[in-house]
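> Return atomic coordinates for the entry below.
(chains A and B)
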Amino acid sequence: MSKAIKIRRGIDIKLVGEAEQKIRNTEPSNVYAVRPDDFFGLTPKLKVKEGEEVKAGTPLFYDKTNEKVVFVSPVSGEVAEVRRGDKRKILEVRILADKEVKHVDFGALAASSSRQEIIDRMLEMGLWPYVKQRPYGIIARPADKPKSIFISAYDSAPLAPSAAFLLKDEKKAFQAGISFLRKLTDGKVYLGVKAGDTFFNDIEGVEKIDISGPHPAGNVGVLIHHTDPINKGEVVWTVGPVSTAIIGRSLTAGKYQSERLVAITGSETREPSFVKSVSGAQIGSLTFGNVKENVNVRYISGNVLTGSKTDPEGFLGFYHNQITLIPEGDKKQFFLTEGWLAPGFSKFSLSKAYPTWLMPGKKYRLDTNLNGEHRAFVVTGELEKVFPFDIYPMQLIKAIMVNDIDAMEKLGIYEVDSEDFALCEFVCTSKIDIQDVVSKGLQDMVKEFASH
Amino acid sequence: MKVVENLLDKIRPNFEKGGKLEKYWPVFDSLETFAFVPDHTTSKGAHVRDAIDMKRTMFLVIVAMVPALLFGIYNTGYQHFAALGMEADFLDMILFGLGKVLPLIVVSYGVGLGVEFIFCIIKSHAINEGFLVSGMLIPLIMPVDMPLWMVAIATAFSVVLVKEVFGGTGMNILNVALTARAFLFFAYPTEMSGNKVWISTEGATTVDGYTGETLLSQAIEKGAAFSDVAGQQYGSIAESFMASFIGFIPGSIGETSTLAILIGAAILLWTGIASWRIILFGILGGAAMGLIFNLVGPSISPDNLYLQVPWWHQLVMGGFMFGVVFMATDPVTASQTQTGKIYYGFLIGMLAILIRVVNPAYPEGIMMAILFMNVMAPTIDHYVVQSNVNRRLKRLKTVKTA
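Numbers count the residues shown, from 1 in each chain, chains lettered A, B, ... in the order given. Have a look, this model is predicted:
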């Protein structure tokens, strides 16, 4: 029997440009990159030099705090460039790809392997970073014993592709991934699925949970909070559905294979559809010939709420299977005709101060304008409307702003990740960058408890 | 629009770093962002943002106050001519009201925004929209003949000591407009209370029986046997209820018409800007206190007729509705948790009626009630949040023992 979670607090931002369920052929990317910034809180240490030959599965850098956690090249080729930023921070390790991908052969892992064998092999193959943990939303620590493992196969974010389509040819790999992950915890593996989605019915070894309701219903944090909430001192691990398939496939084959389907979405896409790709592929190669040209376009790896800003020269994020293209909002708006005093029929708002509520089915072409200026918190009660946790969002955010570790802990920071606050940030009248605040808070917590 | 944009672009260099008028950047910035939503795009976090911003929010609050303002202007004229026993048509009343109310609005905005601009220039902060609402609230809660210089002093006092020293909009503890009123109430009580201030008679001869008393002061002596401006007793309590529901009674400019205030409340509630919890529970709290007085009044103190004013009549008298709808709901000074807002609203309602009835020295109980609860709001929130914290700790304990 499966449990069910019904979420009421949230909002579905309806955007133009949902991907059609078809696959568009593209030329493979020439350049790939692995970016340390894709991994929250990571301090990388390089393992390769420019000019070195690598294969798919060769470690490029590792985690300073745990040498065993390595980050591998997704393809074979030559390390073309290590791009650095301020204070020599590593921004990208770029690989110039071969025509044919050569893999490091790690040897197939038997289904009967023990917990430690699975962990060791995942670390060695560079699969470990696919496993994240709560608290803090960082890469899991291999030495921990998680209370349980959570997979949310329902991405409720705007324009997000359905897990059933992403995994349509990968069910075996997904099942294999589940079977391996099951051994990593003494507790359960929870699989959150969209209510009514039958694709996962025959998956074994999981406790299935039906989720319904508006975004952020599909966030793994919501799933955890409503099934088995995290208390101080506890750790749970989270894995994405596509990541699970990649883990299953790679361990079974003994080769690092990060192939995945990527949805190209958003109002500035000519043909919103899917492409086949590998993590770290150059964005321009995936969107080639598929971008409307009359406006400045914001390229986002991921969705409009939590994705990272990029450009055609940028790269697909490690965890991402969606690219969103929306118009930049870099135009001034006269207050009477399009600005704050205009009727605003083309604007989207949760508040009834704009006529969004008159047109419930309408899909919007939203741009990146901030729609206002940064202010101190004034309005109260609006964050709670889109935050389905038994946590006081504004109080927690304020505790983080004043760096009160004790208050953060009491107010429930262990249960949340910045993505859970994405909608709070969206609706905030004072335009506060809430996800950034929460990330800083999580970083402070990690530092505070680094010695533990 | 292009013209305005070009003009702003042309004078902009003067205000930017290194320009002649660099210091006045906040002023330029506020004018520019008023005319144009800036071209700022999202740099981190969510790439798209809700269309709502502070300017639209504050503007809608002002829209919600317009019915009360318009009725206040009309009523100022109506009361004036009624008190003098003169025949006057609608236009006369409006013109008289405008002549009285407009200067108050101009002074309130002029002084308040002036102080705000000075502070923002000194601190080089962006100018906030908060005072747009306070600046309209202040004239609406003043007696009509309030000397303008007093309004100016009160506004300056309130903006500086209640808002700016705490860090500006969003940081204040007390409601700015109400503090201005409280300041005048204690500093210049003769201009702010009593029977002479609510109707502008300008020293002319009034009709026989005219007292100028508000219902609040009538109730102290006569209970619910209310009289109108000309001293005529209302035919029935339903009649006096209707008069004060519609608003043809003496009082502060914007507070008399419950009907106009409820129209404003509907706008605020529909747009979700004001908390329905505060308004609903504020009214419930007032009704409950009034009802308690009605029930126990005749037995414990039969001489005190105020206790016997029906609870539903209490709600339409004085500034109760205006306070609950427009002042208690100020999100910065109210409770910030949803549960807290219920207690906060209810206690404001109860205290307002309690103060009004039990202490005749403060006929306007709602002002004291809201200011007091402004101070108490963080405490309410503390306990609400603490119960959430305890719930989390309890969960941890059950896990440990399990």
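> show me what contacts the residue lying closest to B:Phe185 once chain neighbours are set aside?
Leaving aside its chain neighbours, B:Phe185 sits nearest to B:Met192 (4.7 Å; criterion: C-beta to C-beta, 6 or more residues apart in numbering or on different chains). Where you see a C-beta, it was placed from the backbone N, CA and C, and this is true even at glycine. Contact analysis of B:Met192 by C-beta atoms under 8 Å, 6 or more residues apart in numbering or on different chains lists B:143, B:146, B:181, B:184-185.
> any idea which of those residues is closest to B:Lys394?
B:Arg181 (44.5 Å; C-beta to C-beta).
> ok, now which ones touch the closest one?
Counting by C-beta under 8 Å, 6+ apart, B:Arg181 has contacts B:138, B:141-142, B:154, B:192, B:367.
> make it 10 Å
Residues in contact with B:Arg181 (C-beta atoms under 10 Å, 6 or more residues apart in numbering or on different chains) are B:137-138, B:140-143, B:146, B:154, B:158, B:175, B:192, B:252, B:319, B:327, B:364, B:367, B:371.
> Which parts of the stretch 101-250 of chain B are helices?
B:130-140, B:148-158, B:176-187, B:189-192, B:215-222, B:237-246 (DSSP state H, counting those that start in this stretch).
> So which bits of the shortest one are buried?
To tie it back to what came earlier, the one meant is helix B:189-192. B:191-192 (16 or more other C-beta atoms under 10 Å in any protein chain shown).
> do the second one as well
Of the residues in helix B:148-158, those buried by neighbour count under the rule 16+ other C-beta under 10 Å are B:150-158.
> For chain B, what's the nearest residue on chain A?
A:Gly372 (2.7 Å; C-beta to the nearest C-beta).
> still on that earlier bit, what about the residue nearest to B:Phe185, distance to chain A?
According to C-beta to the nearest C-beta, to the nearest Å, B:Met192 and chain A sit 29 Å apart.
> Would you mind confirming that A:Val427 makes contact with A:Ala353?
No: with contact defined as C-beta atoms under 10 Å, A:Val427 does not count as touching A:Ala353 (11.7 Å).
> got any residues that touch both of the two?
Common neighbours of A:Val427 and A:Ala353 (C-beta under 10 Å, 6+ apart) are B:50, B:52.
> circling back: what helix or strand is the residue of chain A closest to chain B on?
Using DSSP states H and E, A:Gly372 sits in no helix or strand.
> That one and B:Val4: what is the separation?
19 Å (C-beta to C-beta, to the nearest Å).
> ok, now A:Trp237?
56 Å.
> More neighbours: which of these two?
Neighbour comparison, A:Trp237 and B:Val4: the larger count goes to A:Trp237, with 23 against 13 (by other C-beta atoms under 10 Å in any protein chain shown).
> For the more buried one, which non-adjacent residue is closest in space?
Closest to A:Trp237 by C-beta to C-beta, 6+ apart is A:Pro146, at 4.3 Å.
> and that neighbour, what helix or strand is that in?
Counting by DSSP H and E, A:Pro146 is found in no helix or strand.
> give me every residue that touches it.
A:131, A:133-134, A:140, A:181, A:184-187, A:234-238.
> which one of the residues you listed is nearest B:Gly167?
Nearest to B:Gly167 among the contacts of A:Pro146, with distances taken as C-beta to C-beta, is A:Arg134, at 34.6 Å.
> shaky segments in the chain?
Since you didn't name a chain, this refers to chain A. For chain A, the stretches with pLDDT under 70 are A:1-2, A:450-452.
> actually it's chain B I care about, not the one you picked
Residues of chain B that meet the cut-off, pLDDT under 70, sit at B:400-402.
> can you give me the strands in it?
For chain B, strands defined by DSSP state E occupy the ranges B:36-37.
> Name the residue closest to the centre of it, please.
Compute the mean C-alpha point of chain B, and by C-alpha atoms, centre = their mean the closest residue is B:Met327, 4.0 Å away.
> Which residue does the stretch 1-150 of chain B have closest to chain A?
B:Asp53 (2.7 Å).
> Near that residue, how many residues? Count them for me, please.
26.
> wait, isn't it in contact with A:Val427?
No: the criterion here is C-beta under 10 Å, and B:Asp53 misses it with A:Val427 at 11.4 Å.
> joint contacts of those two?
A:Ser349.
> Isn't A:Lys410 up against A:Ala399?
Yes: between A:Lys410 and A:Ala399 there is a contact at 8.3 Å, judged by C-beta under 10 Å.
> Quick check: neighbours shared by the two?
Joint contacts of A:Lys410 and A:Ala399 (C-beta under 10 Å, 6+ apart) are B:Val385.
> Check the helices of the stretch 101-250 of chain B for me and report the most buried one.
helix B:130-140 (a mean of 25; mean count of other C-beta atoms under 10 Å in any protein chain shown).
> ok, back up a step: can I get the helices of the stretch 101-250 of chain B in TSV including distance to A:Gln333?
Shown next, in TSV, are these (distance: least, C-beta to C-beta, whole Å):
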stretch	distance to A:Gln333
helix B:130-140	19
helix B:148-158	32
helix B:176-187	29
helix B:189-192	44
helix B:215-222	47
helix B:237-246	41
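> Any figure for the gap between A:Val416 and A:Asp120?
Distance from A:Val416 to A:Asp120, by C-beta to C-beta: 31 Å.
> Looking at those two, which is more packed in?
Set side by side, A:Val416 and A:Asp120 show more neighbours around A:Val416, with 28 against 16, by other C-beta under 10 Å.
> which non-adjacent residue is nearest the more buried one?
A:Gly221 (5.7 Å).
> just checking, next helix/strand downstream of the one helix or strand the one you found maps to?
Here A:Gly221, judged by DSSP H and E, is contained in helix A:220-227. Following helix A:220-227 in sequence order, the next helix or strand is strand A:236-239 (DSSP H and E).
> just checking, what packs against the very next helix or strand once past that next one?
The first helix or strand that comes after strand A:236-239 along the chain, using DSSP H and E, is helix A:241-253. Packing partners of helix A:241-253 (3 or more C-beta pairs under 10 Å, 6 or more residues apart in numbering or on different chains; DSSP states H and E): helix A:115-125, strand A:131-134, strand A:149-152, helix A:163-166, helix A:171-182, strand A:189-194, strand A:236-239, strand A:259-265.
> Which elements pack onto the fifth one?
When you say that, I think you mean helix A:171-182. helix A:115-125, strand A:149-152, helix A:163-166, strand A:189-194, strand A:236-239, helix A:241-253.
> Touching, B:Asp50 and A:Tyr364? I think so.
No: counting by C-beta under 10 Å, B:Asp50 does not reach A:Tyr364; the two are 11.3 Å apart.
> Name the residues contacting each of those two.
The contact lists of B:Asp50 and A:Tyr364 share A:13, A:347-348, A:356, where a contact means C-beta under 10 Å, 6+ apart.
> hmm, back to that, list just the one of the helices and strands packed on helix A:171-182 that sits closest to B:Gly97.
Nearest to B:Gly97, of the helices and strands packed on helix A:171-182 and by C-beta to C-beta, is strand A:189-194 at 60.1 Å.
> quick check: longest helix of chain A.
helix A:434-448 (DSSP state H).
> Check which helices and strands that one is in contact with.
helix A:393-401, helix A:405-410, helix A:422-427.
> From the contacts of A:Pro146, keep the buried residues only.
So, by 16+ other C-beta under 10 Å, the buried ones in the contacts of A:Pro146 are A:131, A:133-134, A:140, A:181, A:184-185, A:234-238.
> Centre of chain A to the edge, which residue is at the far end?
Relative to the chain centroid, chain A (C-alpha atoms, centre = their mean) has A:Leu336 farthest, 38.3 Å.
> Just say helix, strand or coil for that residue.
coil (DSSP: H, G, I helix; E, B strand; the rest coil).
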